[in-house]
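Peer 1: what would the 3D arrangement of this be:
(one chain, ligands or ions: 1)
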Amino acid sequence: MAGKVVNALSASFSEYEFLDDADELRSVVATSNQKVPWIDPSTLKLRHRIGRGSFGDVWLATYHRSTQDYDQYFEVAIKMLHPVKQDDMKTLLDKFDDLYSKCQGVNNICSLQGVSIISGKFCIIMKFYEGSIGDKMTRLKGGKLPLPYVLRYGINLAQAVLKLHSKGILVLNLKPFNFLLDETDQAVLGDIGIPYLLLGIRLPSSDMAHRLGTPNYMAPEQWQPEIRGPISFETDSWGFACSIVEMLTGITPWNGKSADEIYDLVVRKHEKPLIPSGLPPQVEKVLLGCFEYDFRSRPLMKDILHMFSSLEIGGEDNVQWTGLESTTVSGRISNSTGYTEWFLSKDCLQVGDIVRSRKTPNSCKPENMDVPEGAVVGLPFTDRDFVLVRVHGIHDPLRVHVSTLERVTLGLAAGDWVRLKEEDKRHSPVGILHSIDRDGSVDVGFIGLETLWKGNSSQFQMAESYCVGQFVRLKSNVLSPRFDWPRKRGGVVKKYQHLEDFHWAVRPLLVALGLFTAMKVGLFVGKKIGRSKGKRHSSLIPNDIQYMDGQAAGNPAWLPPTVANILFPEGAAR
Ligand SMILES: Nc1ncnc2c1ncn2[C@@H]1O[C@H](COP(=O)(O)OP(=O)(O)OP(=O)(O)O)[C@@H](O)[C@H]1O
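Peer 2: Residues are numbered from 1 along each chain as shown. Purely as a prediction, here's the structure:
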């Protein structure tokens, strides 16, 4: 069989060595009960390689389909993924099969023909498109597209991404070279979530940056998402905005920078790609929102689509736009509550909801308790920013601004710290509630998981919450951290210096990790306490941490010098 395939291929592809185990792999496919069509590799003739990406190569090929009456030849594009371990092949097939099923009927995504295995590599057979938006841009003067085109293509793509999101698929690799153009000049999503497909599959390169996207377009949480994440739908908002900026300016975000440099800028220094000035205010606003560091503060794809569509309604020529100016804009859009409008718009209150005053970001306790708990009893038609809340002990309902309230369902509100009743060793038992539906279904971010955990509120109990800047001490039974120190690409990060770089969900835990490590060095090693080398069961989770009372917190004597220096830098009052 292997020999036959080799003969069917052009000699110019000598770099392809056909493995003896191809039949074995094919039998894996045959037993996987898949819906995606299996394409016999002997019917595919590779012609030339179109490109080499992080996840594999794309080839132009001819697909020969033979019926009783006639032979048909089609041009196809083949995405040949990097090799995966054979035990992972079935998982990959199953995941792709699921992806394939979910993509059926979705417009503006690349048409999938089937799968095959060539040279032991998993191949996705797709319709061949003449070019991409990236190709088109390289042919244009200045490499940029006029705004009306960007809006039109943006709408095509946002519709496709939104549909994939509605089926639970993240794309994670939005960029102009992955936006293909069809015969009618409609933009088509070329990469329908390959990085997402490969999540959890062992690849030859463990470089996360290359596994989960293309560095220039990657959101902060996309780098090491099990620590900095989780990744979520809003992760695609960042990549989408990067692509829009590139289409408008002709310049790739972080152009000329290495992956390490981009990591440093985006993750550590919280820098954002530059947005050109002179854009319609709505475009500028949505782009600024997409570059919020905390993904919860970004717009969702439906918000982006809504804005793009509202601009297009009057016709492409009606778009008011002065053209790009050389200056760039930067900044953050948030209101007096400290939350962005996108954050607040993710949950709309309804009559009957139980609400309480919203905490300010990163604080443990609400600063005002105007509404310790109340029920929404009215939504005034005249002013959608306000609701009427009935609070126990107050006769008339209060008229309260919605941005100052959060919904409490079954005792839980988004942002609460929760603890799983049944522990799962793969991730921290304590997590942060991302959202809770009125029926009790929840999304929770855990350290150790790359994506949001989905379940039911009945699986949780409330956990004590921690805040940045709070003084904590580890419980005496903690011997080593459960989760590794986040690693800078190529080396371990300088722990204390970078504490603030981490995601909202992990910062407090990392503070504790830092203290713990320093204590281990300062106390355990210093005192040379010999410990049993037997198996140690330990973890570093919030109930291993004790709050310091005011007195202890003000006195750093309990801390080893390194930690004390960080918490009480030179010149700071002690
Ligand atoms: N179905 C297709 N038809 C025509 N060209 C395609 C098709 N799919 C991808 N391409 C083109 O193939 C080239 C390589 O794509 P590929 O996706 O492998 O590389 P990449 O975009 O650089 O990296 P990545 O693996 O990160 O997506 C791109 O220029 C892309 O536009």
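
Peer 1: so who does the residue sitting nearest the centre point of the chain touch?
Peer 2: Against the mean C-alpha coordinate of the chain, by C-alpha atoms, centre = their mean, the closest residue is Ile231 at 2.7 Å. Contacts were defined as C-beta atoms under 8 Å, 6 or more residues apart in numbering; by that measure Ile231 touches 170, 172, 212, 219, 221-222, 225, 295, 450-451. Where you see a C-beta, it was placed from the backbone N, CA and C, and this is true even at glycine.

Peer 1: let's see 6 Å
Peer 2: Counting by C-beta atoms under 6 Å, 6 or more residues apart in numbering, Ile231 makes contact with 221-222, 225, 451.

Peer 1: what bridges to it?
Peer 2: Beta bridges link Ile231 to Thr451, judged by DSSP bridges.

Peer 1: can you tell me how far it is from the ligand?
Peer 2: Noted for Ile231: a distance of 16 Å to the ligand, by C-beta to the nearest ligand atom, to the nearest Å.

Peer 1: how far away is that residue from Thr451?
Peer 2: For Ile231, the distance to Thr451 equals 6 Å [C-beta to C-beta, to the nearest Å].

Peer 1: go on, Leu199?
Peer 2: For Leu199, the distance to Thr451 - C-beta to C-beta - is 7 Å.

Peer 1: could you check which of the two has the larger neighbour count?
Peer 2: Neighbour count, other C-beta atoms under 10 Å: between Leu199 and Thr451, Thr451 has more, with 20 against 17.

Peer 1: what's the pLDDT at that one?
Peer 2: Note on Thr451: pLDDT of 90.

Peer 1: now Ser310: which helix or strand?
Peer 2: Taking DSSP states H and E as the definition, Ser310 sits inside helix 301-312.

Peer 1: can you mark which positions in that helix are buried?
Peer 2: 301, 303-305, 307-308, 311-312 (16 or more other C-beta atoms under 10 Å).

Peer 1: what's that helix packed up against?
Peer 2: Packing partners of helix 301-312 (3 or more C-beta pairs under 6 Å, 6 or more residues apart in numbering; DSSP states H and E): helix 147-166, helix 281-290.

Peer 1: that helix to helix 281-290, inter-axis angle?
Peer 2: 160 degrees (axes from the mean of the first three to the mean of the last three C-alpha atoms, to 10 degrees).

Peer 1: return the distance of helix 301-312 from the chain's centre.
Peer 2: 21 Å (C-alpha atoms, centre = their mean, to the nearest Å).

Peer 1: could the buried residues of helix 301-312 go into TSV alongside pLDDT and distance to the ligand?
Peer 2: Listed next are the buried residues of helix 301-312 as TSV, based on pLDDT from 0 to 100; distance: C-beta to the nearest ligand atom, whole Å:
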residue	pLDDT	distance to the ligand
Met301	97	19
Asp303	96	25
Ile304	96	21
Leu305	96	23
Met307	92	26
Phe308	92	22
Leu311	83	27
Glu312	69	25
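
Peer 1: switch these over to CSV; also include distance to Ser54.
Peer 2: Formatted as CSV, the buried residues of helix 301-312 follow (distance: C-beta to C-beta, whole Å):
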residue, distance to Ser54
Met301, 23
Asp303, 29
Ile304, 25
Leu305, 27
Met307, 30
Phe308, 28
Leu311, 33
Glu312, 33
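
Peer 1: strands of the stretch 351-500 of the chain, start to end?
Peer 2: 354-357, 374-378, 386-391, 398-401, 405-408, 417-420, 430-436, 441-446, 453-456, 460-462, 472-474, 487-488, 491-492 (DSSP state E, counting those that start in this stretch).

Peer 1: for the stretch 151-300 of the chain, same thing?
Peer 2: 179-181, 187-189, 275-277.

Peer 1: going by mean pLDDT, which of those strands comes out lowest?
Peer 2: strand 275-277 (a mean of 91).

Peer 1: can you give the domain ranges for this structure?
Peer 2: Domain assignment of the chain by automatic domain parsing yields the ranges 6-127, 131-341, 349-462, 471-574.

Peer 1: give me the number of residues near the closest residue in space to Leu398 that isn't next to it in sequence?
Peer 2: Leaving aside its sequence neighbours, Leu398 sits nearest to Val389 (C-beta to C-beta, 6 or more residues apart in numbering; 5.0 Å). Residues near Val389, counting by other C-beta under 10 Å, number 25.

Peer 1: and Val389, bridged to which residues?
Peer 2: Val376, Leu398.

Peer 1: who are the contact partners of the residue nearest to Asp303 when sequence neighbours are not counted?
Peer 2: Counting by C-beta to C-beta, 6+ apart, Trp342 is the residue found nearest to Asp303 once chain neighbours are left out, at 6.3 Å. Listed by C-beta under 6 Å, 6+ apart, the contact set of Trp342 reads 289, 298-299.
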